[in-house]
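[1] Next input, structure requested:
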Amino acid sequence: RINQIFLEPILFDHAVQMGRITILSRGRVTAMTQDDHQVTATLENLDDGTTTQVHCQYLVGCDGASSIIRKSIGAKLSGDAVISRNQSSYIRAPSLIGLQTETPAWATFSLNPARSGNVYAIDGVERYIIHNYLRPGEEDFDAIDRDSGIRTILGVDDIFEYEILANEDWIGRRLVADKFRDRRAFICGDAAHIWVPYGGYGMNAGIADAANLSWLLAAHLNGWATAAILDAFEAERQPITEQVSHFVMNHAHAMASQRGAVPDNIEDDGPEGEAARAKLGQQAYDLNVQQYCAAGLNFGYFYDHSPIIDHASAGADTAPGYTMADYTPSTVPGCRLPHAWLGERREGRSLYDALGPEYTLLRTDREIDVSPLLDAAAAQGMPLTLLDIPGETFDHALVIVRPDQHIAWRGQAVPANIKTLIGLLRAGSS
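    You can find the predicted model right below:
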């Protein structure tokens, strides 16, 4: 794991080297307007207060929970305003790692009748984030003894020395915007949805938003898809965001219930205390392994009402359900392409790495003539890469995959009305 304070400089350095990216630091967007042809954003220089206007074809607001862009497009947040209250402290404690009797971990959960919380290692040496979860009824952050909470969660005495680098008190919420777009302006990430940051779902969902929207924008701006393809962003991402928000909220409630049910004898010496600790430890593991091994949330979600997916090609099949932890791989259109290794795992190649840059046509039977499909795509300017894979990989001979690895169409043969399919995939007419 790598903390954001170390990862962001790496990403920033990479972005700086990208020829088509211009980075304007020390500025913030204060206003946005748009018409039928462009978006105009007003930028304020944080050093001298001067303003500059930037004109663009499309604008994507990734500007966080207090998003100016969300407010500018008239989107409203709704959901659950308060799920939890959390007192967080960023500390430096060089001697803490030497006091630990267990193998040092990235995350340590402290469950105690007096005060429960989490400790997250930031640099693996001396810096930590401590989350003190307030109990039901504790609504005044200032009334909670921060030092006492930190010491109880860490399990240290009054002479243990640490330095507070920063404090932040925050409220866990479950809020989703009622729209993700207004014409040429879009919102992604925390600008579009806010929830308790369990398992990195906020970051994962934000990246998924951006990955989804980026290929749609590229398809249109590169000229092979109509502007209507952008309608897929909100149609696909908003329902998934709503689903994930409930998964996270339910997990937050389960965590709170567990913190409130810590037995009084949890610290007792002797067999009864040991049994209580073993039982609670297993329960905590069973609950939390779901959020850190969340295969279902990461790979199981599907787009079932997309305007650019041929849902009819699913036939009688429906996308399988999923939980936080589990999912069933499926080629039902809208699902994520099931992963496969091409060749032996140690020497082979991931199917995902072999996909083309835009749409990819997977073929498991080389006897099928797909030239009419490839020719029709070329005639409409739609990139479609042919990739032959082993016959036993999937239960359908032909599968069309999008750049975001979601399936757009499947079949056992080239469809009868090829132009209609190509028109659907590029959001144009047949």
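[2] Tell me which residues of stretch 268-276 come out buried.
    A276 (16 or more other Cβ atoms under 10 Å). For the C-beta atoms, the positions are set from N, CA and C on the backbone; glycine is no exception.
[3] let's have the chain start at 858 instead
    I'll keep to 858 as the first residue from here, and by that count the last item is stretch 1125-1133.
[4] Can you give the contact residues for it?
    With contacts defined as Cβ atoms under 8 Å, 6 or more residues apart in numbering, stretch 1125-1133 is touched by P1120, N1122, I1123, E1124.
[5] which residues touch the last one?
    E1124 is in contact with N969, G1130, counting by Cβ under 8 Å, 6+ apart.
[6] and it, how far is that from R1134?
    8 Å (Cβ to Cβ, to the nearest Å).
[7] What of the second one?
    The span separating N1122 from R1134 equals 9 Å under the rule Cβ to Cβ.
[8] could you dump the contacts of stretch 1125-1133 to JSON lines with pLDDT and secondary structure?
    Formatted as JSON lines, the contacts of stretch 1125-1133 follow (pLDDT from 0 to 100; DSSP: H, G, I helix; E, B strand; the rest coil):
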{"residue": "P1120", "pLDDT": "94", "secondary structure": "coil"}
{"residue": "N1122", "pLDDT": "94", "secondary structure": "coil"}
{"residue": "I1123", "pLDDT": "93", "secondary structure": "coil"}
{"residue": "E1124", "pLDDT": "91", "secondary structure": "coil"}
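[9] Filter those down to the buried ones.
    Buried among the contacts of stretch 1125-1133 by 16+ other Cβ under 10 Å: P1120, I1123.
[10] any idea which of the contacts of stretch 1125-1133 is closest to L881?
    Top of the list for closeness to L881, among these and by Cβ to Cβ, is I1123 at 52.6 Å.
[11] doesn't P970 make contact with that closest one?
    Yes: using Cβ atoms under 8 Å, I1123 is in contact with P970, at 6.6 Å.
[12] Which parts of the stretch 858-1007 of the chain are strands?
    884-891, 896-902, 908-913, 916-918, 934-949, 964-967, 974-978, 984-990 (DSSP state E, counting those that start in this stretch).
[13] out of these, which comes closest to N1155?
    Closest approach to N1155 among those (Cβ to Cβ): strand 964-967, 18.2 Å.
[14] Show the residue spans covered by the helices in the stretch 1108-1257 of the chain.
    With DSSP state H, counting those that start in this stretch as the criterion, the stretch 1108-1257 of the chain has helices at 1128-1149, 1152, 1208-1211, 1228-1236.
[15] send the alpha carbons of the last one over as CSV?
    Think helix 1228-1236. Extracted in CSV, the C-alpha atoms of helix 1228-1236 (Å, rounded to 0.1, in the frame of the first residue of the first chain):
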residue,chain,number,x,y,z
SER,A,1228,-14.8,-9.6,-42.0
PRO,A,1229,-18.3,-8.2,-42.6
LEU,A,1230,-18.4,-7.0,-39.0
LEU,A,1231,-14.9,-5.5,-39.2
ASP,A,1232,-15.6,-3.9,-42.6
ALA,A,1233,-18.9,-2.3,-41.3
ALA,A,1234,-17.0,-0.9,-38.3
ALA,A,1235,-14.3,0.5,-40.5
ALA,A,1236,-16.9,2.0,-42.9
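[16] Show me which positions of it end up buried.
    L1230, L1231, A1233, A1234.
[17] Please enumerate residues in contact with it?
    Applying Cβ under 8 Å, 6+ apart, the set of residues contacting helix 1228-1236 is Y1216, L1218, P1240, L1241, L1243, V1271, P1272, I1275, K1276, L1278, I1279.
[18] Centre of the chain to that helix, how far?
    Relative to its parent chain, helix 1228-1236 has a centroid offset of 35 Å by Cα atoms, centre = their mean, to the nearest Å.
[19] pLDDT score assigned to T879?
    pLDDT recorded at T879 is 92.
[20] what do you get for Y1055?
    Per the predicted model, pLDDT is 75 at Y1055.
[21] On the strand side of things, show who A1034 bridges to.
    L934 (DSSP bridges).
[22] what's near enough to touch it?
    Shown in contact with A1034 (Cβ under 8 Å, 6+ apart): R927, A932, K933, L934, I1044, A1048, A1049, H1050, Q1095.
[23] how close does it sit to A962?
    35 Å.
[24] same check, this time on I1264
    I1264 is 38 Å from A962, by Cβ to Cβ.
[25] Show me which of these two is the more surrounded one.
    Taking other Cβ atoms under 10 Å, I1264 and A962 do not tie; I1264 has more neighbours (28 against 12).
[26] Would you check that that one makes contact with G1191?
    Yes: if you go by Cβ under 8 Å, I1264 and G1191 touch, sitting 6.7 Å apart.
[27] Pull up the overlap in contacts between the two.
    I1166.
[28] thinking again about what came up before, any chance of the helices of the stretch 1108-1257 of the chain in a markdown table, plus mean pLDDT and distance to V982?
    Listed next are these as a markdown table, based on pLDDT from 0 to 100; distance: least, Cβ to Cβ, whole Å:
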| stretch | mean pLDDT | distance to V982 |
| --- | --- | --- |
| helix 1128-1149 | 92 | 22 |
| helix 1152 | 89 | 31 |
| helix 1208-1211 | 95 | 35 |
| helix 1228-1236 | 97 | 54 |
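[29] Next, the buried residues of the helix or strand where I1028 lies.
    Element membership of I1028, judged by DSSP states H and E, is strand 1020-1034. Buried residues in strand 1020-1034, counted by 16+ other Cβ under 10 Å: D1026, G1029, R1030, R1031, L1032, V1033, A1034.
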